[in-house]
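Colleague: next one to model:
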Amino acid sequence: MAGQSINQTTEAVIGAAIEVHKHLGPGLLESAYEECLCHELSLRNIPFQKQVPLPVVYKGTKLDCGYRVDLLVKDEVVVELKAIESILPIHEAQALTYMRLGSWKVGLIINFNAPIVVKGIKRLVLGLKE
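Modeller: Residues are numbered from 1 along each chain as shown. Next up, the predicted model:
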């Protein structure tokens, strides 16, 4: 049933993102979309963390610097927000890297500048063993 939960979570995040896009439209800074998406998730009682650090290990020591995930929803879905005209392969690679480092299974890249926001949302499944 974990897959069903993850599917529900991703659908809920996409629904919240569509709501934000309807109200704001394209062209703002990513931080504005992030704050509004957090607000929308809070209204829906969906637990999340924002700006989650992924520690870098240097010579055996973990340092809380380097990579930061925009949002981690229900401790299972990584959300990367992009406020540019298209989602590039480098953004997909970035989300996959975050997912691998954090051992998460599902990532969403949300592009708020897409003409229809759903076309700017990509769901990436890492396929980790359970």
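
Colleague: the most centrally placed residue in the chain - nearest residue in space that isn't next to it in sequence?
Modeller: The residue at the geometric middle of the chain, judged as the C-alpha nearest the mean C-alpha position with CA atoms, centre = their mean, is residue 79 (0.4 Å). Nearest in space to residue 79, with sequence neighbours left out and distances taken as CB to CB, 6 or more residues apart in numbering, is residue 71 at 3.9 Å. C-beta: built from backbone N, CA, C; applies to glycine.

Colleague: the one you found: which element?
Modeller: Using DSSP states H and E, residue 71 maps to strand 61-73.

Colleague: give the next helix or strand downstream of that strand.
Modeller: Toward the C-terminal end, the helix or strand that comes next after strand 61-73 (DSSP H and E) is strand 77-82.

Colleague: neighbouring strands for that following strand, and are they parallel or not?
Modeller: Sheet pairing of strand 77-82 (DSSP bridges) gives strand 61-73 (antiparallel), strand 106-111 (parallel).

Colleague: is it possible to get a markdown table of those that adds mean neighbour count and distance to residue 121?
Modeller: Listed next are these as a markdown table, based on neighbours: other CB atoms under 10 Å; distance: least, CB to CB, whole Å:
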| stretch | mean neighbour count | distance to residue 121 |
| --- | --- | --- |
| strand 61-73 | 15 | 13 |
| strand 106-111 | 24 | 5 |
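
Colleague: among the ones you listed, which comes closest to residue 11?
Modeller: For residue 11, the closest of the strands paired with strand 77-82 is strand 106-111, at 10.3 Å, according to CB to CB.

Colleague: list the contacts of that closest one.
Modeller: Residues from elsewhere that reach strand 106-111 (CB atoms under 8 Å, 6 or more residues apart in numbering): 6, 9-10, 13-14, 17, 33, 37, 76-84, 86-87, 91-92, 95-96, 98-99, 117, 120-126.
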